[in-house]
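*Asks:* Coordinates for the following, if possible.
(4 chains)
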2 protein chains.
Amino acid sequence: MNDLTIGALAKSAGVGVETVRYYQRRGLLSPNGAHKGAFRVYGNDELARLRFIRRAQSLGFSLDEVADLLALDEETDRERARAFAQSKIADVESRIRQLTEMRSALQGLVSCCEHTEAPAPCPILHALANSPEPPPAPQGKARTRSARQAP
Amino acid sequence: MNDLTIGALAKSAGVGVETVRYYQRRGLLSPNGAHKGAFRVYGNDELARLRFIRRAQSLGFSLDEVADLLALDEETDRERARAFAQSKIADVESRIRQLTEMRSALQGLVSCCEHTEAPAPCPILHALANSPEPPPAPQGKARTRSARQAP
DNA sequence: GTTGACTCCGTACTCGGGTACGGGGTCTAG
DNA sequence: CTAGACCCCGTACCCGAGTACGGAGTCAAC
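*Replies:* All right, here's what the predicted structure looks like:
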């Protein structure tokens, strides 16, 4: 049974110590368990759980959703898990559609810009200033952070 | 010259009053201008500017980027505007790629689930618990708020 | 002349997923 | 036995784009 300190656990899962502690605060990992001396030690089960969290996250599940996933039972909750995944697919697809629309609007502006002659006002800025389109909905950014650790 | 109060301006652009004031604080709209009595009045130029902001935002530009766009000159900054739009396209495309990967991973899980017989443990939860994949990078959500106003 | 809707201004809070900091305690190698 | 690395715990802060709230002033209509 390999006993990991929080630092070793974090490193094995590719996250920071603070992140582990944050997951504990959120209730995704249990904060009380075996101690060796004054320090808590973590086993393979907890490492697996931590990796589960990261995998689910990388598939687009929020930490709240990950908590729900963790509460499912591998034996009896197949239906629920599948429904969950399917609704997440729908979710992802709608975000893809939105982005695709944004891209084509932007491409429209750029190609318009490329086809107008030099001494004309910028068609992109002009379109932004005067476009007849209704201003629909802005959207947040999907920032992608990568590797943590090792400063 | 139609003079709008802040509330009328906001409504014409489909945003909330607080949003207008927020843009003023961010320097996207000027906070000092004509007054009629004790209240500030806004003209068509300011309405146009506000709509510009929303349109750019809906194309994926952050408010900081919108500020840069607003600083461009329609006559002399065509190059810059086009480069800006092009880099935003690249941006959007990379988000699309990410989401597409997420979708196919999810679809893999679901179809695997559909092809295994009933009395087996849930393949989705199982995969999340044991997948060999390296846990790469999670990603933030592109939440899409829509119309504001009208509570 | 008062009611109700609106404006002004400032500060503080929201959400999500962490990161940073600081003062202590502890563990281990040299 | 001491230095340096690590742990514990709590609190506060970051980002982006707003939203909420509260007190005070003001305006238009009835």
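*Asks:* Can you report how many residues lie near A:V15?
*Replies:* Neighbourhood size, A:V15 [other Cβ atoms under 10 Å in any protein chain shown]: 22. No exception for glycine: its C-beta is placed from N, CA and C like everyone else's.
*Asks:* any idea how far it is from chain B?
*Replies:* The gap separating A:V15 from chain B is 8 Å, by Cβ to the nearest Cβ, to the nearest Å.
*Asks:* Would you mind measuring from that residue to DNA strand D?
*Replies:* Distance, A:V15 to DNA strand D, by Cβ to the nearest atom of the strand, to the nearest Å: 12 Å.
*Asks:* shouldn't that residue be in contact with A:R54?
*Replies:* Yes: between A:V15 and A:R54 there is a contact at 6.9 Å, judged by Cβ atoms under 8 Å.
*Asks:* Please, which helix or strand holds A:R21?
*Replies:* Assigned by DSSP states H and E, A:R21 falls within helix A:17-25.
*Asks:* Residues touching that helix, excluding its own?
*Replies:* Helix A:17-25 has contacts (Cβ atoms under 8 Å, 6 or more residues apart in numbering or on different chains) with A:I6, A:G7, A:L9, A:A10, A:A13, A:L29, A:S30, A:P31, A:L50, A:I53, A:L63, A:R148.
*Asks:* in that helix, what counts as buried?
*Replies:* A:V17, A:T19, A:V20, A:Y23 (16 or more other Cβ atoms under 10 Å in any protein chain shown).
*Asks:* show me which of those residues neighbour DNA strand D.
*Replies:* A:V17 (Cβ under 7 Å from any atom of the strand).
*Asks:* Any residue of the helix or strand of chain A with the lowest mean pLDDT touching chain B?
*Replies:* Lowest mean confidence among the helices and strands of chain A (mean pLDDT, DSSP states H and E): helix A:123-130, at a mean of 84. Yes: Helix A:123-130 is in contact with chain B by Cβ under 8 Å from any Cβ of the partner chain, via A:P123, A:I124, A:L125, A:H126, A:L128, A:A129, A:N130.
*Asks:* Columns neighbour count on top of those, output as CSV?
*Replies:* CSV is the format used below for these (neighbours: other Cβ atoms under 10 Å in any protein chain shown):
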residue, neighbour count
A:P123, 21
A:I124, 25
A:L125, 25
A:H126, 18
A:L128, 26
A:A129, 18
A:N130, 11
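*Asks:* Tell me the strands beside the helix or strand just after the helix holding A:R21, with direction?
*Replies:* Going down the chain from helix A:17-25, the next helix or strand is strand A:35-36, by DSSP H and E. According to DSSP bridges, strand A:35-36 forms sheet pairs with strand A:39-40 (antiparallel).
*Asks:* for the strand it pairs with, the distance to its chain's centre please.
*Replies:* In terms of Cα atoms, centre = their mean, to the nearest Å, the centre of strand A:39-40 is set 30 Å apart from its chain centre.
*Asks:* Show me what from chain A comes close to DNA strand C.
*Replies:* With Cβ under 7 Å from any atom of the strand as the criterion, chain A meets DNA strand C at residues A:15-16, A:18-19, A:22, A:37-39, A:57, A:62-64, A:145, A:148, A:151.
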